[in-house]
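A.B. asks: Sequence below, structure please.
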Amino acid sequence: MSNAIKQKYDQLPAYKIVTASNIISLIRALLAIPIIYFLKEEMSGIAFIFIVICAISDMLDGWLARIGNQITVLGKVIDPIADKVVMNSILLFLVLEDSVPMYYFLIILIRDFSISMLGMYVLNTRKISIQANRLGKLSIFVTGFAILTFIYPTYVSIGVQQILFYSSIGVLVVSWAQYVYDFIKVIIASDTPAKAKEKKEEQEKPSEEEYKAKDLKDGLAKTEKSIATRLPLIKKFFTVDEDILEDVEASLIATDMGVDLTDHLVDKLKNVKKQNAEQLKDIIKSEIKQLIKHDEHAEVEMEEKPHVIIFVGVNGTGKTTTIGKLAHKYARENKNVLIAAADTYRAAAYEQLKIWSERSDVDFMGNPEGKDPAAVAFDAVKSAVSKDKDILLIDTAGRLHTKSNLMKELQKIERVAGKAMPGAPHDVWLVLDGTTGQNGIRQAEKFSEAVDVTGLIVTKLDGTAKGGAVLAIHNKMDLPIKYLGIGEQLPDIVEFDPDEYVEALLA
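C.D. replies: Just a heads-up that it's a prediction; the model follows:
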(Lines give C-alpha, C1' and ligand atoms only; values in the text may rest on other atoms or scores of the structure.)
Protein backbone atom coordinates (compact mmCIF):
# COMPACT_ATOMS: atom_id res chain seq x y z
CA MET A 1 0.00 0.00 0.00
CA SER A 2 1.31 3.45 -0.88
CA ASN A 3 2.15 5.89 1.90
CA ALA A 4 -0.56 8.28 0.68
CA ILE A 5 -3.28 5.63 0.90
CA LYS A 6 -2.03 4.38 4.28
CA GLN A 7 -1.97 7.93 5.64
CA LYS A 8 -5.52 8.47 4.42
CA TYR A 9 -6.77 5.34 6.19
CA ASP A 10 -4.74 6.12 9.32
CA GLN A 11 -6.72 9.35 9.63
CA LEU A 12 -10.09 7.57 9.47
CA PRO A 13 -11.96 7.44 12.79
CA ALA A 14 -11.50 4.01 14.38
CA TYR A 15 -15.24 3.39 14.71
CA LYS A 16 -15.72 3.69 10.93
CA ILE A 17 -13.10 1.04 10.23
CA VAL A 18 -14.49 -1.29 12.91
CA THR A 19 -18.08 -0.77 11.68
CA ALA A 20 -17.08 -1.45 8.06
CA SER A 21 -15.33 -4.66 9.14
CA ASN A 22 -18.38 -5.88 11.07
CA ILE A 23 -20.75 -5.10 8.18
CA ILE A 24 -18.54 -7.04 5.77
CA SER A 25 -18.59 -10.03 8.15
CA LEU A 26 -22.40 -9.95 8.34
CA ILE A 27 -22.71 -9.74 4.55
CA ARG A 28 -20.33 -12.69 4.21
CA ALA A 29 -22.56 -14.79 6.49
CA LEU A 30 -25.64 -13.89 4.40
CA LEU A 31 -23.87 -14.97 1.21
CA ALA A 32 -24.47 -18.57 2.32
CA ILE A 33 -28.08 -18.14 1.14
CA PRO A 34 -27.38 -17.44 -2.57
CA ILE A 35 -24.57 -20.04 -2.61
CA ILE A 36 -26.94 -22.80 -1.39
CA TYR A 37 -29.71 -21.60 -3.71
CA PHE A 38 -27.59 -21.71 -6.86
CA LEU A 39 -26.06 -25.05 -5.90
CA LYS A 40 -29.55 -26.45 -5.40
CA GLU A 41 -30.59 -25.11 -8.80
CA GLU A 42 -27.47 -26.71 -10.29
CA MET A 43 -26.09 -23.30 -11.28
CA SER A 44 -22.66 -24.06 -9.85
CA GLY A 45 -20.92 -21.38 -11.96
CA ILE A 46 -22.88 -18.58 -10.28
CA ALA A 47 -22.45 -20.23 -6.89
CA PHE A 48 -18.68 -20.19 -7.47
CA ILE A 49 -18.81 -16.41 -8.02
CA PHE A 50 -20.39 -15.97 -4.57
CA ILE A 51 -17.81 -18.32 -3.03
CA VAL A 52 -15.04 -16.14 -4.47
CA ILE A 53 -16.79 -13.04 -3.08
CA CYS A 54 -16.77 -14.71 0.36
CA ALA A 55 -13.03 -15.33 0.12
CA ILE A 56 -12.36 -11.74 -0.96
CA SER A 57 -14.52 -10.33 1.84
CA ASP A 58 -12.58 -12.42 4.36
CA MET A 59 -9.27 -10.96 3.10
CA LEU A 60 -10.78 -7.45 3.14
CA ASP A 61 -11.88 -7.99 6.72
CA GLY A 62 -8.33 -8.91 7.75
CA TRP A 63 -6.94 -5.91 5.90
CA LEU A 64 -9.31 -3.52 7.71
CA ALA A 65 -8.31 -5.04 11.05
CA ARG A 66 -4.64 -4.35 10.25
CA ILE A 67 -5.43 -0.80 9.09
CA GLY A 68 -7.51 -0.08 12.20
CA ASN A 69 -4.98 -1.85 14.42
CA GLN A 70 -7.80 -2.99 16.66
CA ILE A 71 -10.83 -5.28 16.82
CA THR A 72 -13.80 -5.03 19.16
CA VAL A 73 -15.32 -7.90 21.15
CA LEU A 74 -18.24 -7.84 18.68
CA GLY A 75 -15.78 -8.19 15.81
CA LYS A 76 -14.07 -11.14 17.51
CA VAL A 77 -17.45 -12.94 17.53
CA ILE A 78 -18.93 -11.89 14.16
CA ASP A 79 -15.87 -12.56 11.98
CA PRO A 80 -15.30 -16.26 12.84
CA ILE A 81 -19.06 -16.95 12.99
CA ALA A 82 -19.48 -15.59 9.45
CA ASP A 83 -16.83 -18.00 8.15
CA LYS A 84 -18.38 -20.94 10.00
CA VAL A 85 -21.91 -20.12 8.76
CA VAL A 86 -20.78 -20.20 5.13
CA MET A 87 -18.64 -23.34 5.40
CA ASN A 88 -21.08 -25.36 7.52
CA SER A 89 -24.08 -24.32 5.42
CA ILE A 90 -22.38 -25.58 2.27
CA LEU A 91 -21.28 -28.78 4.05
CA LEU A 92 -24.80 -29.44 5.35
CA PHE A 93 -26.19 -29.04 1.83
CA LEU A 94 -23.59 -31.47 0.47
CA VAL A 95 -24.42 -33.97 3.24
CA LEU A 96 -28.12 -33.80 2.38
CA GLU A 97 -27.20 -34.32 -1.27
CA ASP A 98 -25.13 -37.39 -0.28
CA SER A 99 -22.03 -35.76 -1.71
CA VAL A 100 -20.09 -35.66 1.58
CA PRO A 101 -19.99 -38.20 4.44
CA MET A 102 -21.97 -37.19 7.53
CA TYR A 103 -18.99 -37.87 9.82
CA TYR A 104 -16.95 -35.21 7.99
CA PHE A 105 -19.61 -32.60 8.69
CA LEU A 106 -19.83 -33.70 12.34
CA ILE A 107 -16.03 -33.47 12.81
CA ILE A 108 -16.02 -29.87 11.62
CA LEU A 109 -19.19 -28.95 13.53
CA ILE A 110 -17.99 -30.41 16.85
CA ARG A 111 -14.52 -28.90 16.37
CA ASP A 112 -15.90 -25.40 15.72
CA PHE A 113 -18.41 -25.60 18.58
CA SER A 114 -15.87 -26.81 21.17
CA ILE A 115 -13.27 -24.24 20.18
CA SER A 116 -15.89 -21.47 20.37
CA MET A 117 -17.03 -22.56 23.81
CA LEU A 118 -13.48 -22.81 25.16
CA GLY A 119 -12.58 -19.53 23.48
CA MET A 120 -15.43 -17.70 25.19
CA TYR A 121 -14.10 -18.86 28.55
CA VAL A 122 -10.84 -17.02 28.06
CA LEU A 123 -12.10 -14.25 25.76
CA ASN A 124 -9.83 -11.18 25.92
CA THR A 125 -7.49 -12.70 28.48
CA ARG A 126 -4.77 -14.00 26.18
CA LYS A 127 -3.87 -14.47 22.55
CA ILE A 128 -3.91 -17.82 20.84
CA SER A 129 -0.44 -19.27 20.30
CA ILE A 130 1.25 -18.76 16.95
CA GLN A 131 1.11 -22.53 16.30
CA ALA A 132 -2.66 -22.68 16.88
CA ASN A 133 -3.24 -19.63 14.73
CA ARG A 134 -1.22 -21.01 11.82
CA LEU A 135 -2.79 -24.46 12.06
CA GLY A 136 -6.24 -22.87 12.18
CA LYS A 137 -5.59 -20.95 8.96
CA LEU A 138 -4.11 -24.04 7.30
CA SER A 139 -7.16 -26.14 8.25
CA ILE A 140 -9.53 -23.56 6.73
CA PHE A 141 -7.44 -23.43 3.56
CA VAL A 142 -7.23 -27.23 3.06
CA THR A 143 -10.87 -27.80 4.08
CA GLY A 144 -12.02 -25.09 1.68
CA PHE A 145 -10.28 -26.79 -1.24
CA ALA A 146 -11.60 -30.20 -0.15
CA ILE A 147 -15.17 -28.88 -0.15
CA LEU A 148 -14.66 -27.35 -3.60
CA THR A 149 -13.69 -30.79 -4.97
CA PHE A 150 -17.06 -32.14 -3.78
CA ILE A 151 -18.95 -29.20 -5.31
CA TYR A 152 -17.09 -29.48 -8.63
CA PRO A 153 -16.09 -33.18 -8.85
CA THR A 154 -15.77 -33.12 -12.64
CA TYR A 155 -12.76 -30.82 -12.46
CA VAL A 156 -10.57 -33.09 -10.29
CA SER A 157 -9.72 -36.75 -10.19
CA ILE A 158 -10.95 -39.08 -7.47
CA GLY A 159 -7.39 -39.47 -6.24
CA VAL A 160 -6.87 -35.72 -5.74
CA GLN A 161 -10.27 -35.46 -4.07
CA GLN A 162 -9.42 -38.22 -1.60
CA ILE A 163 -5.99 -36.75 -0.81
CA LEU A 164 -7.52 -33.35 -0.03
CA PHE A 165 -10.37 -34.95 1.93
CA TYR A 166 -8.16 -36.98 4.27
CA SER A 167 -5.55 -34.19 4.50
CA SER A 168 -8.35 -31.90 5.61
CA ILE A 169 -9.41 -34.32 8.34
CA GLY A 170 -5.81 -34.68 9.53
CA VAL A 171 -5.16 -30.92 9.69
CA LEU A 172 -8.55 -30.31 11.36
CA VAL A 173 -7.78 -32.83 14.12
CA VAL A 174 -4.26 -31.49 14.71
CA SER A 175 -5.51 -27.89 14.72
CA TRP A 176 -8.33 -28.87 17.07
CA ALA A 177 -5.87 -30.49 19.47
CA GLN A 178 -3.61 -27.42 19.47
CA TYR A 179 -6.51 -25.06 20.22
CA VAL A 180 -7.82 -27.30 23.01
CA TYR A 181 -4.31 -27.63 24.47
CA ASP A 182 -3.87 -23.85 24.49
CA PHE A 183 -7.22 -23.24 26.20
CA ILE A 184 -6.92 -26.06 28.73
CA LYS A 185 -3.49 -24.78 29.74
CA VAL A 186 -5.19 -21.53 30.74
CA ILE A 187 -8.01 -23.25 32.59
CA ILE A 188 -5.78 -25.72 34.49
CA ALA A 189 -3.50 -22.89 35.55
CA SER A 190 -6.62 -21.13 36.88
CA ASP A 191 -5.69 -18.26 34.63
CA THR A 192 -8.90 -16.36 35.21
CA PRO A 193 -9.37 -13.03 33.40
CA ALA A 194 -8.20 -11.11 36.46
CA LYS A 195 -5.13 -13.30 36.94
CA ALA A 196 -4.34 -13.24 33.24
CA LYS A 197 -4.41 -9.45 33.26
CA GLU A 198 -2.20 -9.40 36.36
CA LYS A 199 0.26 -11.79 34.71
CA LYS A 200 0.34 -9.68 31.55
CA GLU A 201 1.02 -6.52 33.54
CA GLU A 202 3.83 -8.25 35.41
CA GLN A 203 5.43 -9.39 32.15
CA GLU A 204 5.21 -5.90 30.65
CA LYS A 205 6.44 -4.17 33.78
CA PRO A 206 9.63 -2.24 32.95
CA SER A 207 12.86 -3.64 34.28
CA GLU A 208 14.99 -1.79 36.78
CA GLU A 209 17.22 -0.66 33.92
CA GLU A 210 14.24 1.07 32.31
CA TYR A 211 13.61 2.99 35.53
CA LYS A 212 17.10 4.45 35.46
CA ALA A 213 16.63 7.73 33.62
CA LYS A 214 19.52 9.24 31.80
CA ASP A 215 20.58 12.59 33.21
CA LEU A 216 20.06 15.81 31.29
CA LYS A 217 23.64 16.00 30.11
CA ASP A 218 23.43 12.52 28.56
CA GLY A 219 20.11 13.39 26.97
CA LEU A 220 21.52 16.53 25.42
CA ALA A 221 24.75 14.88 24.27
CA LYS A 222 24.20 15.72 20.60
CA THR A 223 23.24 19.30 21.40
CA GLU A 224 26.18 19.73 23.73
CA LYS A 225 28.59 18.54 21.08
CA SER A 226 26.97 20.78 18.51
CA ILE A 227 27.26 23.99 20.51
CA ALA A 228 30.24 23.44 22.78
CA THR A 229 32.56 22.13 20.08
CA ARG A 230 31.66 24.91 17.68
CA LEU A 231 32.41 27.76 20.06
CA PRO A 232 35.85 29.26 19.38
CA LEU A 233 38.67 28.22 21.67
CA ILE A 234 39.70 31.62 22.99
CA LYS A 235 42.89 32.11 24.97
CA LYS A 236 43.51 34.97 27.31
CA PHE A 237 45.96 36.50 24.86
CA PHE A 238 43.25 37.06 22.27
CA THR A 239 40.49 39.66 22.20
CA VAL A 240 36.89 38.98 21.22
CA ASP A 241 37.15 40.50 17.75
CA GLU A 242 34.69 40.53 14.81
CA ASP A 243 35.89 37.18 13.48
CA ILE A 244 35.34 35.53 16.85
CA LEU A 245 31.87 37.08 17.15
CA GLU A 246 30.94 35.85 13.69
CA ASP A 247 31.99 32.32 14.66
CA VAL A 248 29.92 32.51 17.85
CA GLU A 249 26.93 33.86 15.94
CA ALA A 250 27.11 31.07 13.35
CA SER A 251 27.40 28.45 16.10
CA LEU A 252 24.37 29.72 18.01
CA ILE A 253 22.16 30.08 14.92
CA ALA A 254 23.12 26.56 13.85
CA THR A 255 21.61 25.29 17.10
CA ASP A 256 18.26 26.96 16.35
CA MET A 257 18.52 29.63 19.04
CA GLY A 258 16.98 32.02 16.57
CA VAL A 259 18.15 35.33 15.16
CA ASP A 260 16.70 37.55 17.92
CA LEU A 261 18.23 35.59 20.78
CA THR A 262 21.55 35.18 18.96
CA ASP A 263 21.79 38.91 18.19
CA HIS A 264 21.07 39.70 21.82
CA LEU A 265 23.83 37.38 23.04
CA VAL A 266 26.36 38.56 20.47
CA ASP A 267 25.71 42.18 21.42
CA LYS A 268 26.48 41.30 25.02
CA LEU A 269 29.77 39.70 23.99
CA LYS A 270 30.98 42.80 22.19
CA ASN A 271 31.75 44.39 25.54
CA VAL A 272 33.86 41.49 26.83
CA LYS A 273 37.26 42.78 27.87
CA LYS A 274 40.54 41.22 26.77
CA GLN A 275 41.35 39.82 30.20
CA ASN A 276 37.95 38.05 30.27
CA ALA A 277 38.15 36.57 26.78
CA GLU A 278 39.08 33.12 28.03
CA GLN A 279 35.83 33.03 30.00
CA LEU A 280 33.65 33.40 26.89
CA LYS A 281 31.72 30.21 27.46
CA ASP A 282 30.93 31.10 31.09
CA ILE A 283 29.82 34.56 29.97
CA ILE A 284 27.44 33.04 27.39
CA LYS A 285 26.05 30.72 30.07
CA SER A 286 25.44 33.63 32.40
CA GLU A 287 23.71 35.71 29.72
CA ILE A 288 21.40 32.85 28.71
CA LYS A 289 20.44 32.13 32.31
CA GLN A 290 19.47 35.75 32.80
CA LEU A 291 17.02 35.48 29.89
CA ILE A 292 15.07 32.68 31.59
CA LYS A 293 12.57 33.58 34.28
CA HIS A 294 13.26 31.22 37.17
CA ASP A 295 9.99 31.85 39.00
CA GLU A 296 7.99 30.60 36.01
CA HIS A 297 9.62 27.20 36.10
CA ALA A 298 8.85 26.13 39.63
CA GLU A 299 7.45 22.64 40.22
CA VAL A 300 3.91 22.24 38.92
CA GLU A 301 1.41 23.38 41.52
CA MET A 302 -1.47 20.91 41.92
CA GLU A 303 -3.75 22.51 44.47
CA GLU A 304 -7.02 21.35 42.85
CA LYS A 305 -8.04 17.71 42.98
CA PRO A 306 -8.17 16.34 40.40
CA HIS A 307 -5.65 18.55 38.63
CA VAL A 308 -6.80 18.45 35.00
CA ILE A 309 -4.15 18.81 32.30
CA ILE A 310 -4.94 18.86 28.56
CA PHE A 311 -2.14 18.10 26.12
CA VAL A 312 -2.16 19.76 22.69
CA GLY A 313 0.18 19.93 19.71
CA VAL A 314 0.62 19.04 16.06
CA ASN A 315 0.90 15.48 14.74
CA GLY A 316 4.02 13.58 15.70
CA THR A 317 5.33 15.77 18.50
CA GLY A 318 5.14 12.94 21.04
CA LYS A 319 2.05 13.87 23.07
CA THR A 320 1.00 10.30 23.75
CA THR A 321 4.50 9.22 24.75
CA THR A 322 4.89 12.30 26.96
CA ILE A 323 1.61 11.52 28.74
CA GLY A 324 2.82 7.96 29.38
CA LYS A 325 6.10 9.23 30.85
CA LEU A 326 4.38 11.81 33.06
CA ALA A 327 1.84 9.23 34.25
CA HIS A 328 4.76 7.01 35.25
CA LYS A 329 6.49 9.92 37.03
CA TYR A 330 3.40 10.99 38.96
CA ALA A 331 2.48 7.40 39.87
CA ARG A 332 5.94 6.87 41.36
CA GLU A 333 5.31 10.00 43.40
CA ASN A 334 2.27 8.18 44.88
CA LYS A 335 -0.28 10.25 43.00
CA ASN A 336 -3.53 8.66 41.83
CA VAL A 337 -3.49 9.22 38.06
CA LEU A 338 -6.11 8.81 35.33
CA ILE A 339 -5.29 8.97 31.60
CA ALA A 340 -8.03 9.80 29.09
CA ALA A 341 -7.82 9.18 25.33
CA ALA A 342 -9.66 12.06 23.66
CA ASP A 343 -7.78 11.45 20.39
CA THR A 344 -10.64 9.61 18.66
CA TYR A 345 -9.45 10.20 15.10
CA ARG A 346 -6.22 8.22 14.83
CA ALA A 347 -7.11 4.52 14.79
CA ALA A 348 -4.16 3.39 16.91
CA ALA A 349 -4.25 6.26 19.42
CA TYR A 350 -6.60 4.49 21.87
CA GLU A 351 -4.53 1.29 21.99
CA GLN A 352 -1.24 3.18 22.13
CA LEU A 353 -2.28 5.25 25.13
CA LYS A 354 -3.81 2.20 26.81
CA ILE A 355 -0.46 0.40 26.55
CA TRP A 356 1.29 3.40 28.12
CA SER A 357 -1.23 3.39 30.99
CA GLU A 358 -0.54 -0.30 31.62
CA ARG A 359 3.21 0.26 31.58
CA SER A 360 2.79 3.17 34.00
CA ASP A 361 0.30 1.21 36.14
CA VAL A 362 -2.35 3.95 36.13
CA ASP A 363 -6.06 3.96 35.29
CA PHE A 364 -7.21 4.58 31.72
CA MET A 365 -10.43 5.49 29.96
CA GLY A 366 -11.47 6.34 26.43
CA ASN A 367 -13.64 5.23 23.55
CA PRO A 368 -12.11 3.21 20.71
CA GLU A 369 -15.09 3.69 18.42
CA GLY A 370 -14.78 7.36 17.58
CA LYS A 371 -16.82 9.14 20.23
CA ASP A 372 -16.79 12.95 20.15
CA PRO A 373 -13.47 14.12 21.71
CA ALA A 374 -15.16 16.75 23.85
CA ALA A 375 -17.59 14.13 25.19
CA VAL A 376 -14.65 11.88 26.15
CA ALA A 377 -13.01 14.81 27.95
CA PHE A 378 -16.26 15.62 29.80
CA ASP A 379 -16.72 11.99 30.92
CA ALA A 380 -13.06 11.80 31.96
CA VAL A 381 -13.30 14.87 34.20
CA LYS A 382 -16.49 13.56 35.80
CA SER A 383 -14.88 10.17 36.35
CA ALA A 384 -11.73 11.71 37.85
CA VAL A 385 -13.87 13.72 40.27
CA SER A 386 -16.03 10.77 41.32
CA LYS A 387 -13.01 8.48 41.77
CA ASP A 388 -11.06 11.07 43.76
CA LYS A 389 -8.11 11.13 41.36
CA ASP A 390 -5.16 13.43 42.00
CA ILE A 391 -4.31 14.07 38.35
CA LEU A 392 -6.16 13.70 35.04
CA LEU A 393 -4.07 13.71 31.84
CA ILE A 394 -6.15 14.21 28.67
CA ASP A 395 -4.67 13.35 25.29
CA THR A 396 -6.00 15.16 22.21
CA ALA A 397 -5.62 14.50 18.50
CA GLY A 398 -2.63 15.99 16.75
CA ARG A 399 -3.72 18.81 14.50
CA LEU A 400 -2.12 21.29 12.16
CA HIS A 401 -1.98 24.69 13.80
CA THR A 402 -3.11 26.20 10.48
CA LYS A 403 -6.52 24.45 10.52
CA SER A 404 -9.03 26.75 12.24
CA ASN A 405 -11.83 24.15 12.45
CA LEU A 406 -9.59 21.74 14.33
CA MET A 407 -8.43 24.48 16.66
CA LYS A 408 -12.07 25.29 17.44
CA GLU A 409 -12.52 21.70 18.52
CA LEU A 410 -9.73 22.18 21.07
CA GLN A 411 -11.60 25.20 22.39
CA LYS A 412 -14.68 23.00 22.79
CA ILE A 413 -12.70 20.40 24.75
CA GLU A 414 -11.40 23.16 27.01
CA ARG A 415 -14.94 24.51 27.56
CA VAL A 416 -16.58 21.18 28.39
CA ALA A 417 -13.81 20.36 30.88
CA GLY A 418 -14.80 23.56 32.70
CA LYS A 419 -18.45 22.52 32.67
CA ALA A 420 -17.62 19.13 34.15
CA MET A 421 -15.50 20.74 36.88
CA PRO A 422 -15.36 24.48 37.59
CA GLY A 423 -11.82 25.76 37.07
CA ALA A 424 -10.79 22.91 34.78
CA PRO A 425 -8.58 22.53 32.90
CA HIS A 426 -5.97 23.74 35.36
CA ASP A 427 -3.23 23.44 32.76
CA VAL A 428 -3.00 23.20 28.98
CA TRP A 429 0.45 22.03 27.95
CA LEU A 430 1.70 22.38 24.41
CA VAL A 431 4.02 19.57 23.31
CA LEU A 432 6.65 20.69 20.79
CA ASP A 433 9.11 18.59 18.84
CA GLY A 434 12.62 19.89 19.59
CA THR A 435 13.73 19.00 16.07
CA THR A 436 11.31 21.43 14.41
CA GLY A 437 13.39 24.44 15.41
CA GLN A 438 11.93 27.84 14.64
CA ASN A 439 8.66 26.35 13.39
CA GLY A 440 7.93 25.55 17.03
CA ILE A 441 7.54 29.28 17.68
CA ARG A 442 4.81 29.50 15.05
CA GLN A 443 3.04 26.49 16.57
CA ALA A 444 3.23 28.00 20.05
CA GLU A 445 1.75 31.27 18.80
CA LYS A 446 -1.20 29.62 17.03
CA PHE A 447 -2.09 27.22 19.84
CA SER A 448 -1.88 30.06 22.38
CA GLU A 449 -4.37 32.03 20.30
CA ALA A 450 -6.82 29.11 20.33
CA VAL A 451 -6.54 27.87 23.93
CA ASP A 452 -5.07 29.05 27.19
CA VAL A 453 -1.66 27.39 26.95
CA THR A 454 0.00 27.45 30.38
CA GLY A 455 3.23 25.62 29.68
CA LEU A 456 5.49 23.96 27.13
CA ILE A 457 6.98 20.49 26.91
CA VAL A 458 9.83 20.06 24.44
CA THR A 459 10.46 16.49 23.25
CA LYS A 460 13.01 14.50 21.22
CA LEU A 461 15.97 16.51 22.48
CA ASP A 462 18.05 13.33 22.53
CA GLY A 463 17.76 13.06 18.77
CA THR A 464 18.73 16.56 17.74
CA ALA A 465 21.79 18.76 17.78
CA LYS A 466 19.61 21.85 17.92
CA GLY A 467 18.64 22.17 21.55
CA GLY A 468 18.81 25.95 21.27
CA ALA A 469 15.22 25.92 19.98
CA VAL A 470 14.05 25.49 23.58
CA LEU A 471 15.61 28.84 24.47
CA ALA A 472 14.34 30.54 21.31
CA ILE A 473 10.74 29.46 21.98
CA HIS A 474 10.92 30.59 25.59
CA ASN A 475 12.49 33.90 24.60
CA LYS A 476 9.82 34.58 21.96
CA MET A 477 6.76 33.33 23.84
CA ASP A 478 6.17 34.31 27.43
CA LEU A 479 5.45 30.70 28.39
CA PRO A 480 7.16 28.53 30.99
CA ILE A 481 8.88 25.33 29.90
CA LYS A 482 7.68 22.54 32.18
CA TYR A 483 9.43 19.38 30.99
CA LEU A 484 12.00 18.12 28.50
CA GLY A 485 11.81 14.75 26.75
CA ILE A 486 15.31 13.30 26.47
CA GLY A 487 14.83 9.63 25.57
CA GLU A 488 12.52 6.71 24.81
CA GLN A 489 12.27 5.04 28.22
CA LEU A 490 9.58 5.77 30.81
CA PRO A 491 11.77 7.93 33.09
CA ASP A 492 13.31 9.94 30.23
CA ILE A 493 11.46 13.14 30.99
CA VAL A 494 12.87 15.82 33.30
CA GLU A 495 11.55 18.99 34.84
CA PHE A 496 13.02 22.02 33.15
CA ASP A 497 15.66 23.65 35.31
CA PRO A 498 17.28 26.71 33.63
CA ASP A 499 20.66 26.36 35.32
CA GLU A 500 20.90 22.64 34.73
CA TYR A 501 19.78 22.99 31.12
CA VAL A 502 22.28 25.70 30.23
CA GLU A 503 25.09 23.84 31.97
CA ALA A 504 24.26 20.68 30.02
CA LEU A 505 23.87 22.66 26.82
CA LEU A 506 27.31 24.22 27.09
CA ALA A 507 29.08 21.47 29.06
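
A.B. asks: Just the buried positions in the helix or strand that contains residue 181, please.
C.D. replies: If you go by DSSP states H and E, residue 181 is part of helix 158-188. Neighbour-count burial for helix 158-188, counted by 16 or more other Cβ atoms under 10 Å, picks out 161, 164-165, 167-169, 171-172, 175-176, 178-179, 182-183, 186. Placement of C-beta: from N, CA and C, glycine included.

A.B. asks: What is that helix packed up against?
C.D. replies: helix 102-121, helix 130-151 (3 or more Cβ pairs under 8 Å, 6 or more residues apart in numbering; DSSP states H and E).

A.B. asks: JSON lines for the ones you listed, including mean neighbour count, distance to residue 476 and mean pLDDT?
C.D. replies: Converted to JSON lines, the helices and strands packed on helix 158-188 look like this (neighbours: other Cβ atoms under 10 Å; distance: least, Cβ to Cβ, whole Å; pLDDT from 0 to 100):
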{"stretch": "helix 102-121", "mean neighbour count": "15", "distance to residue 476": "58", "mean pLDDT": "76"}
{"stretch": "helix 130-151", "mean neighbour count": "18", "distance to residue 476": "53", "mean pLDDT": "83"}
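
A.B. asks: Next, format those as JSON lines and append distance to residue 38.
C.D. replies: Formatted as JSON lines, the helices and strands packed on helix 158-188 follow (distance: least, Cβ to Cβ, whole Å):
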{"stretch": "helix 102-121", "distance to residue 38": "20"}
{"stretch": "helix 130-151", "distance to residue 38": "11"}
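
A.B. asks: And the closest residue to residue 325 other than its chain neighbours, how close does it get to residue 31?
C.D. replies: In this structure, residue 325 finds its nearest non-sequential neighbour in residue 493, 4.1 Å apart by Cβ to Cβ, 6 or more residues apart in numbering. According to Cβ to Cβ, to the nearest Å, residue 493 and residue 31 sit 52 Å apart.

A.B. asks: quick one: which of those two has more around it?
C.D. replies: residue 493 (24 against 18; other Cβ atoms under 10 Å).

A.B. asks: wait, the more buried one sits on residue 485?
C.D. replies: Yes. Residue 493 lies in contact with residue 485 (Cβ atoms under 8 Å); the separation is 5.3 Å.

A.B. asks: Setting aside sequence neighbours, what's the nearest residue to residue 32?
C.D. replies: Excluding the flanking residues, the one nearest residue 32 by Cβ to Cβ, 6+ apart is residue 89, at 4.0 Å.

A.B. asks: Let me know the distance separating residue 250 from residue 309.
C.D. replies: 39 Å.

A.B. asks: What of residue 155?
C.D. replies: Distance from residue 155 to residue 309, by Cβ to Cβ: 66 Å.

A.B. asks: Ok, residue 163 next?
C.D. replies: 65 Å.

A.B. asks: What of residue 353?
C.D. replies: Taking Cβ to Cβ as the measure, residue 353 falls 14 Å from residue 309.

A.B. asks: neighbour-wise, which of those two wins?
C.D. replies: Between residue 353 and residue 309, residue 353 has the larger neighbour count (other Cβ under 10 Å), namely 26 against 22.

A.B. asks: contacting residues for that one?
C.D. replies: 320, 323, 324, 339, 341, 343, 364, 366, 395 (Cβ atoms under 8 Å, 6 or more residues apart in numbering).

A.B. asks: That one: which element?
C.D. replies: helix 349-360.

A.B. asks: Strands of this structure, start to end?
C.D. replies: Assigned by DSSP state E, the strands in the chain fall at 307-312, 337-341, 363-366, 391-395, 427-433, 455-459, 481-485, 493-495.

A.B. asks: Tell me how many other residues crowd residue 364.
C.D. replies: Residue 364 has 20 nearby residues by other Cβ under 10 Å.

A.B. asks: and it, what are its bridge partners?
C.D. replies: Counting by DSSP bridges, residue 364 forms beta bridges with residue 339.

A.B. asks: Surely it is in contact with residue 350?
C.D. replies: No. Checked against Cβ under 8 Å, the pair residue 364 and residue 350 is beyond contact range at 9.3 Å.

A.B. asks: Name the residues contacting each of these two.
C.D. replies: residue 341.

A.B. asks: So what's the residue count around residue 98?
C.D. replies: Residues near residue 98, counting by other Cβ under 10 Å: 8.

A.B. asks: again, but for residue 366
C.D. replies: Residue 366, neighbours per other Cβ under 10 Å, totals 23.

A.B. asks: Same question for residue 48.
C.D. replies: 16.

A.B. asks: Disregarding residues adjacent in the polypeptide, which is nearest to the residue nearest the centre of the chain?
C.D. replies: The centroid of the chain falls nearest to residue 352 when counting by Cα atoms, centre = their mean (2.9 Å). Closest residue to residue 352 apart from its sequence neighbours, by Cβ to Cβ, 6+ apart: residue 320 at 5.5 Å.

A.B. asks: Next up, the contacts around that neighbour.
C.D. replies: Taking Cβ under 8 Å, 6+ apart as the test, what residue 320 contacts is 343, 349, 352, 353, 356, 395.

A.B. asks: Mind doing that once more with 10 Å?
C.D. replies: 311, 339, 341, 343, 346, 348-349, 352-353, 355-356, 395, 398, 431 (Cβ atoms under 10 Å, 6 or more residues apart in numbering).

A.B. asks: Out of the residues you listed, which is nearest to residue 115?
C.D. replies: Ranking these by separation from residue 115, with Cβ to Cβ as the measure, puts residue 355 on top at 28.2 Å.

A.B. asks: Could you report the separation of the residue nearest to residue 325 from residue 245?
C.D. replies: Distance from residue 493 to residue 245, by Cβ to Cβ: 36 Å.

A.B. asks: Residue 161 now?
C.D. replies: 89 Å.

A.B. asks: Kindly provide the distance from residue 140 to residue 147.
C.D. replies: The gap separating residue 140 from residue 147 is 10 Å, by Cβ to Cβ.

A.B. asks: list the residues that contact both of these two?
C.D. replies: Common neighbours of residue 140 and residue 147 (Cβ under 10 Å, 6+ apart) are 87, 168.

A.B. asks: pLDDT score for residue 277?
C.D. replies: Each residue has a pLDDT score; the one for residue 277 is 59.

A.B. asks: repeat for residue 320
C.D. replies: 88.

A.B. asks: same check, this time on residue 339
C.D. replies: So residue 339 comes in at 94 (pLDDT).

A.B. asks: how many neighbours does it have?
C.D. replies: Count around residue 339 with other Cβ under 10 Å applied: 25.

A.B. asks: what do you get for residue 266?
C.D. replies: Per other Cβ under 10 Å, the neighbour tally for residue 266 reads 18.

A.B. asks: Not counting sequence-adjacent ones, nearest residue to it?
C.D. replies: The nearest residue in space to residue 266 (Cβ to Cβ, 6+ apart) is residue 249, at 5.1 Å.

A.B. asks: From what I see, the one you found and residue 265 are in contact.
C.D. replies: Yes. Counting by Cβ atoms under 10 Å, residue 249 does reach residue 265; the two are 8.5 Å apart.

A.B. asks: what is in contact with the two at once?
C.D. replies: In contact with both residue 249 and residue 265: residue 257, using Cβ under 10 Å, 6+ apart.

A.B. asks: Without its sequence neighbours, what residue ends up closest to residue 27?
C.D. replies: Closest to residue 27 by Cβ to Cβ, 6+ apart is residue 57, at 6.6 Å.

A.B. asks: Confirm for me that that neighbour is in contact with residue 22.
C.D. replies: No. Contact between residue 57 and residue 22 fails when scored by Cβ under 10 Å: they sit 11.9 Å apart.
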